[in-house]
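Student: kindly generate the corresponding structure for this input.
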Amino acid sequence: MLAPKGNHILELGSDAVRFEAVSKLTNVFYDDANRQVFSVRSGGTTGVVVKGLLDKTSYSFRMLDKGDVMSIKFSPDKKILSVQRGYKSIEFINFNGEPDNLEYSQSCRVKNMKILGFSWTHVNEIVFVMDKGIEHFQVIPEKHTLKSLKMYSVSVNWYVYHPESSLLLLSSGSLCNTMHPFQFRPGSAYKLSKFEIDLPAAPKTQKVSLLERDVSIGTVYNRTCIFVLRHQPRSAGMPGAEIAIYSMMKDGPPRKTDILRLDKSGRFAINVIDNIIVVHHQASKESMLFDIQIPCDSDGYISEHTSIVKCPIKPFMIKIPAMPSHSPTMEQEIGCELYSPNWVVFQPNIIIDPKLGYLWYVVMNNDPIIDIIKDKCLLIDFLLLRKNSKSLILKVCHDAILPGISLPLFTLASIFDKLNAVYKHNLDLQKQDPKHSPQNISTYRPTMMVDQSDIYSHVFSVFESDNTNHRFAVSVLLEYIRSLIQYQQFVPHYLCKLLINILVQNKQFYQLHQFLQYQILNDSKQLVCLMLSLQGVYPPAYQLALDMLRRLQNSNEEIIEVLLSEKKVLQALSFIRSCGGVDNLSAQKYLAAAKQTADPRIFYSVYKFFEQRNIRLRGSPDFEVGEHCETFVKFFNNIYGNASFDGGFE
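Tutor: Just a heads-up that it's a prediction; the model follows:
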């Protein structure tokens, strides 16, 4: 699906790092571990300027010019500078804001070995990659020396290192497709099982080998993935290039798990942004977005994915000196060439244009995607896997129930199930001990949680308008309540209140009665209060509320107060007697309530009820002084005397 023009999903971050561009005198190097760019200017002395995205601190210093710099990097703590000028040794300089005067170096311990490059694996630990093996060193800066920790012998064509996972991948073999992975831990290096990468089909006369530029490593959904670009011409019967993903396994060699169908040929580059694999295509000047967690075609072993969205990067304006310029401070803005042949792409989301002198983060805006993905269930799957997507999820749900553009009920039910399944999963994870129940990396689940209050406040608020189709509203609310129950989630009282109000406003009393009688709605004291408030328009609501209170535990006092508020004093006493709490009753409270009814029969029955209780407890009908019933005794004697009324307290 193509994104509409002017509604950009991808853009180059505005906080770009500007550096001195590549020239005859200046070389540019990028350290992907520290995400720093080095501008190295030669001539007499070597001037170095270091800038980064993560660490906004920039460094500017000079070194003695001992030859062309092939590679330059800081240690992870920025306290040691490492420089490669040849194939025989690496030089080290202690660094504290500026380089130390004393340099020290480490050469290959085995003669005739050629150093292809190096990578810092941890603080004060470095690995040399040579054409015949690797060697892991500990750097001891205070002694200006290195200590060998481990050495492995293997023929090496080229290598790729992934700082985030400390994974080193060595290429060997005549076709360069035999891979030797090494995993680094502080003080240790582990050789993992080697594996072979499949090469694309080619004519017998053409020898195809795997190139370093076609292999990269990234992290997607907590998995360390090896991306392999397979070039194939796009023609009849040939789908064009594809990216094979080899996933690192805990109990074996990396295995091919996914294929991304590009349906194009030419030059490609890969970024990973918020677990989305972004494949940039130079010729078409567009990017393809892949989500390997979204349902797709699979044979049970390998999943094949097509792009969710194809979109260009948003145009980016850069400032250059005005031409002609009478003032060196004058600048003009011009459009940056996107998908330039000069671009160099690094993981996870870095793009560098060394000739322009710009380093960018690629950022992704999910807002336009909600109008591009038409399958709303698929859209919810996608958004649940994204960071900071709650507002978009709620917007999709809100729009899905708007009059005139609402989705079918079965689609809404599926969306509710997806939201509640994720919510339940994350609640279960929170209850588990993370030490004993780690999240399995092969079964990554989304962490974006949308709860009942979110749905009520931002989605079901639609139902409060006057033009709501009440039948549709009731059906939607019931589906959501059904989904909550299915995923063992609590149905909050405010959802029940909304449903009941819609039913009452539309005089759907029979349906309301059924929901309450068969306990489709959760019993709660808040719901009891609501039902009691409705007895004026629906008298049976009173009895339904009372029945609900009886089902609730520890609700005896509330039931009594409800009965007294309705002037049903005799029913209150009957309920208390059934619960066995007569002996401790306050006679004053119930006599006062009976008097307020203005019904002489009720007062007489209540008065005689307490006289009988007094006889049973103390052998006398008289009230004790502490019960403060003197006014009621006087009222009884003045009004009733010795009169007898039929229909005493039952």
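Student: who touches residue 571 in this structure?
Tutor: residue 563 (Cβ atoms under 8 Å, 6 or more residues apart in numbering). The way it works is simple: take the backbone N, C-alpha and C, and place the C-beta from them, glycine included.
Student: which of the helices or strands spans it?
Tutor: Per DSSP states H and E: residue 571 is located in helix 569-579.
Student: neighbours around residue 576, how many?
Tutor: Applying other Cβ atoms under 10 Å, we find 18 residues neighbouring residue 576.
Student: show me which residues of the top helix by length along the chain are buried.
Tutor: The residue-count maximum for a helix in the chain (DSSP state H) belongs to helix 409-431. For helix 409-431, burial by neighbour count (16 or more other Cβ atoms under 10 Å) applies to 412-425.
Student: what's it packed up against?
Tutor: Applying 3 or more Cβ pairs under 8 Å, 6 or more residues apart in numbering; DSSP states H and E, one finds that helix 409-431 contacts helix 376-384, helix 390-399, helix 470-486.
Student: the following helix or strand past the helix holding residue 571 packs against which elements?
Tutor: Taking DSSP H and E as the definition, the helix or strand that follows helix 569-579 towards the C-terminus is helix 587-596. Identification of packing neighbours for helix 587-596 by 3+ Cβ pairs under 8 Å, 6+ apart yields helix 569-579, helix 600-618, helix 630-639.
Student: ok, and what's touching helix 587-596?
Tutor: Under Cβ under 8 Å, 6+ apart, the answer for helix 587-596 is 564, 567, 569, 572-573, 602-603, 605-607, 610, 613, 623, 627-629, 632, 635.
Student: related to what we said a few turns ago, pull the most distant pair out of the buried residues of helix 409-431.
Tutor: 412 and 425 (20.5 Å; Cβ to Cβ).
Student: rewinding a little: give me the buried positions along the helix holding residue 571.
Tutor: So, applying 16+ other Cβ under 10 Å, buried residues of helix 569-579: 569, 570, 571, 572, 573, 575, 576.
Student: buried sites along stretch 348-367?
Tutor: So stretch 348-367, judged by 16+ other Cβ under 10 Å, has buried residues 348-354, 356-364, 366.
Student: coming back round to it: quick one: the longest helix of the chain to helix 376-384, angle?
Tutor: Using axes from the mean of the first three to the mean of the last three Cα atoms, to 10 degrees, one finds that helix 409-431 and helix 376-384 are set 20 degrees apart in direction.
Student: rewinding a little: the buried residues of stretch 348-367 in strands, which ones?
Tutor: Those of these mapping onto strands are 350, 351, 352, 353, 358, 359, 360, 361, 362, 363, 364, per DSSP state E.
Student: dump those residues to TSV, plus distance to residue 159 and pLDDT.
Tutor: What follows is those, written out as TSV (distance: Cβ to Cβ, whole Å; pLDDT from 0 to 100):
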residue	distance to residue 159	pLDDT
350	19	94
351	22	95
352	20	95
353	25	94
358	27	92
359	23	93
360	26	93
361	26	93
362	25	95
363	30	94
364	30	94
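Student: what mean pLDDT does stretch 33-49 have?
Tutor: Averaged over stretch 33-49, pLDDT sits at 87.
Student: start and end of it, how far apart?
Tutor: 17 Å (Cα to Cα, to the nearest Å).
Student: nearest to residue 459 among the buried residues of helix 569-579?
Tutor: Comparing the buried residues of helix 569-579 against residue 459 with Cβ to Cβ places residue 575 closest, at 40.7 Å.
Student: who are the contact partners of the closest one?
Tutor: Contacts for residue 575 (Cβ under 8 Å, 6+ apart) come out as 556, 559, 560, 563.
Student: any idea how far it lies from residue 581?
Tutor: 9 Å (Cβ to Cβ, to the nearest Å).
Student: one more: residue 207?
Tutor: For residue 207, the distance to residue 581 - Cβ to Cβ - is 95 Å.
Student: ranges for the strands of the stretch 251-400 of the chain?
Tutor: Under the criterion DSSP state E, counting those that start in this stretch, the stretch 251-400 of the chain contains strands at 252-261, 268-273, 276-281, 286-290, 297-298, 303-305, 309-311, 317-321, 331-335, 344-346, 350-353, 358-364.
Student: adding distance to residue 595, write the ones you listed out as a markdown table.
Tutor: Output for the strands of the stretch 251-400 of the chain, formatted as a markdown table (distance: least, Cβ to Cβ, whole Å):
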| stretch | distance to residue 595 |
| --- | --- |
| strand 252-261 | 80 |
| strand 268-273 | 75 |
| strand 276-281 | 74 |
| strand 286-290 | 76 |
| strand 297-298 | 78 |
| strand 303-305 | 78 |
| strand 309-311 | 75 |
| strand 317-321 | 84 |
| strand 331-335 | 87 |
| strand 344-346 | 86 |
| strand 350-353 | 83 |
| strand 358-364 | 73 |
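Student: out of those strands, which is closest to residue 509?
Tutor: strand 309-311 (49.3 Å).
Student: state the distance from residue 287 to residue 29.
Tutor: 26 Å.
Student: compare these two (neighbour count), which wins?
Tutor: The neighbour comparison of residue 287 against residue 29 (other Cβ under 10 Å) goes to residue 287, with 25 against 19.
Student: who's in contact with the more buried one?
Tutor: Neighbours of residue 287 in contact, by Cβ under 8 Å, 6+ apart: 10, 278, 279, 280, 281, 310, 311, 312, 313.
Student: narrow those to just the buried residues.
Tutor: So, by 16+ other Cβ under 10 Å, the buried ones in these are 10, 278, 279, 280, 281, 310, 311, 312, 313.
Student: tell me what the first one is bridged to.
Tutor: So that's residue 10. When bridges are called by DSSP bridges, residue 10 pairs up with residue 313, residue 364.
Student: hmm, it is touching residue 363, no?
Tutor: Yes. Contact criterion Cβ atoms under 8 Å: residue 10 and residue 363 qualify, at 7.4 Å.
Student: just the strands in the stretch 101-250 of the chain please.
Tutor: Under DSSP E, counting those that start in this stretch, the stretch 101-250 of the chain gives strands at 115-122, 125-130, 133-140, 145-153, 158-162, 167-172, 178-185, 188-191, 195-196, 215-220, 223-230, 234-235, 238-239, 242-249.
Student: which of those strands sits closest to residue 403?
Tutor: Ranking these by proximity to residue 403 (Cβ to Cβ) places strand 215-220 first, at 40.2 Å.
Student: neighbouring contacts of the closest one?
Tutor: Residues outside strand 215-220 that contact it (Cβ under 8 Å, 6+ apart): 160-162, 164-165, 167, 169, 171, 197, 224-229, 245, 270, 272, 275, 277, 292, 347-348.
Student: please repeat the previous calculation with a cut-off of 7 Å.
Tutor: Residues outside strand 215-220 that contact it (Cβ atoms under 7 Å, 6 or more residues apart in numbering) are 160, 162, 164-165, 167, 169, 224-228, 270, 272, 275, 277, 292, 347-348.
Student: need the strands of the stretch 101-250 of the chain in TSV with mean neighbour count and mean pLDDT, can you?
Tutor: Supplementary listing: the strands of the stretch 101-250 of the chain in TSV, determined by neighbours: other Cβ atoms under 10 Å; pLDDT from 0 to 100:
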stretch	mean neighbour count	mean pLDDT
strand 115-122	21	96
strand 125-130	23	96
strand 133-140	20	95
strand 145-153	15	94
strand 158-162	21	96
strand 167-172	22	96
strand 178-185	20	95
strand 188-191	15	94
strand 195-196	15	94
strand 215-220	21	95
strand 223-230	22	94
strand 234-235	11	54
strand 238-239	14	64
strand 242-249	20	94
